[in-house]
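1. Below is the structure, and that's it, no one-letter string:
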């Protein structure tokens, strides 16, 4: 017994002194420095194209959007190569199509995610739903547009319109909302649910009053990411709605412009200074709208999310 104590004591003393752990070899220091430099260099490399694109859009598009007419007038009765007019018709069309798509896709996506996390428990319907969401996540926008063209326009006989574009955007938004909301709901600790159940709170009220508010910040972020993705899609507007330079407030009938469609029209119109100003102005307008939506979403999530 005494031998065992004598054997352990020197070891404990050596560990307590810390002398075995104070020295770090030069090779390990060099490796750590190289890894740090690599991380910062990679970050800088990733930032270069982002900053470059943003600077180019701002530098070339700032001139037309500083004119008040850009936000209040359309391009009706204005030739492509003639300076003047604005992008009000495209802004309104973009907001209307995105709003309709959001109203339809956000509830569908959130309730689907709630079912997968809270009710499915790995059953067959849950597995099938997850499989279909995974497939929709990788569907190109032109495939969604062709599907809506085949069903909404060819089969049901509706006109090419902003509503058809919104329906195709729904197919692109839903899987993003479902996936993000599902991940955010899974992050909510199970202890919160169990504490609520122990107090006799029904499951639906636990989800509505505890689970969703706790995950609200992440859910809103995912919704804004999905909106940012679909707002700049060009394939659906090319196939499902006609181009117009006039304002159209009826999403169900007639051509309706949008910012991506306006950019495509200007791209096909040539390279005159007036055309390029309108093209880059529409691009910067789209970037600003997405940025404002993201800022608003962050403020909303910060205000209504559960405080730790």
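-> Arrived safely, thanks for sending. Quick caveat, the model's predicted, so the values are computed rather than measured.
2. And what about the closest residue to residue 69 other than its chain neighbours, helix, strand or coil?
-> The shortest distance from residue 69 to any non-neighbouring residue, by C-beta to C-beta, 6 or more residues apart in numbering, is to residue 86 (4.8 Å). Every C-beta, even on glycine, is put in place using the N, C-alpha and C of the backbone. Secondary structure of residue 86, reduced to three states by DSSP: H, G, I helix; E, B strand; the rest coil: coil.
3. Determine the set of other helices and strands touching the host helix or strand of residue 196.
-> Using DSSP states H and E, residue 196 maps to helix 190-198. The contact analysis (3 or more C-beta pairs under 8 Å, 6 or more residues apart in numbering; DSSP states H and E) places helix 190-198 against helix 203-206.
4. following the helix it packs on, which helix or strand comes up?
-> The helix or strand immediately downstream of helix 203-206 is helix 212-231, counting by DSSP H and E.
5. Following element in sequence after that following helix, please.
-> Next in sequence after helix 212-231, counting helices and strands by DSSP H and E, comes helix 235-240.
6. What lies in contact with that following helix?
-> 140-142, 144-146, 148-149, 153, 160-161, 164-165, 168-169, 258, 260-261, 264 (C-beta atoms under 8 Å, 6 or more residues apart in numbering).
7. Pull out the buried members of those residues.
-> Among these, the ones that count as buried by 16 or more other C-beta atoms under 10 Å are 141, 144-146, 148-149, 153, 160-161, 164-165, 168-169, 258, 260-261, 264.
8. Helices - which of the residues you listed land there?
-> Applying DSSP state H to those, the entries found in helices are 141, 144, 145, 146, 148, 164, 165, 168, 169, 260, 261, 264.
9. now the residues you listed as JSON lines including pLDDT and distance to residue 96?
-> Formatted as JSON lines, those follow (pLDDT from 0 to 100; distance: C-beta to C-beta, whole Å):
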{"residue": "141", "pLDDT": "91", "distance to residue 96": "18"}
{"residue": "144", "pLDDT": "93", "distance to residue 96": "18"}
{"residue": "145", "pLDDT": "93", "distance to residue 96": "17"}
{"residue": "146", "pLDDT": "94", "distance to residue 96": "22"}
{"residue": "148", "pLDDT": "94", "distance to residue 96": "16"}
{"residue": "164", "pLDDT": "93", "distance to residue 96": "13"}
{"residue": "165", "pLDDT": "94", "distance to residue 96": "9"}
{"residue": "168", "pLDDT": "94", "distance to residue 96": "14"}
{"residue": "169", "pLDDT": "94", "distance to residue 96": "11"}
{"residue": "260", "pLDDT": "92", "distance to residue 96": "14"}
{"residue": "261", "pLDDT": "91", "distance to residue 96": "13"}
{"residue": "264", "pLDDT": "90", "distance to residue 96": "18"}
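10. following the longest helix along the chain, which helix or strand shows up next?
-> The residue-count maximum for a helix in the chain (DSSP H) belongs to helix 26-65. Counting by DSSP H and E, the next helix or strand C-terminal to helix 26-65 is helix 69-72.
11. Next up, the contacts around the residue nearest the centre of the chain.
-> Among the residues of the chain, residue 225 comes closest to the average C-alpha position under C-alpha atoms, centre = their mean, at 1.0 Å. Going by C-beta under 8 Å, 6+ apart, residue 225 touches 176, 180.
12. What separation do you get for it and residue 87?
-> Distance of residue 225 to residue 87, given as C-beta to C-beta, to the nearest Å: 24 Å.
13. Okay, angle between the helix holding residue 196 and helix 212-231 too, please.
-> Put simply, helix 190-198 runs at 130 degrees to helix 212-231, going by axes from the mean of the first three to the mean of the last three C-alpha atoms, to 10 degrees.
14. if you average pLDDT over helix 190-198, what comes out?
-> Throughout helix 190-198, pLDDT has a mean value of 91.
15. Give me the buried positions along that helix.
-> Quick answer for helix 190-198 (16+ other C-beta under 10 Å): 193, 196.
16. what's that helix in contact with?
-> Helix 190-198 has contacts (C-beta under 8 Å, 6+ apart) with 203, 205, 206, 209, 210, 211, 214.
17. Swap in 6 Å and give it another go.
-> With contacts defined as C-beta atoms under 6 Å, 6 or more residues apart in numbering, helix 190-198 is touched by 206, 210.
18. do the same with stretch 68-85
-> So stretch 68-85 is contacted by 64, 86, 87, 88, 89, 245, 246, 247, 269, 272, 274, 275 (C-beta under 6 Å, 6+ apart).
19. What are the buried residues along that stretch?
-> 70, 73, 74, 75, 78, 80, 85.
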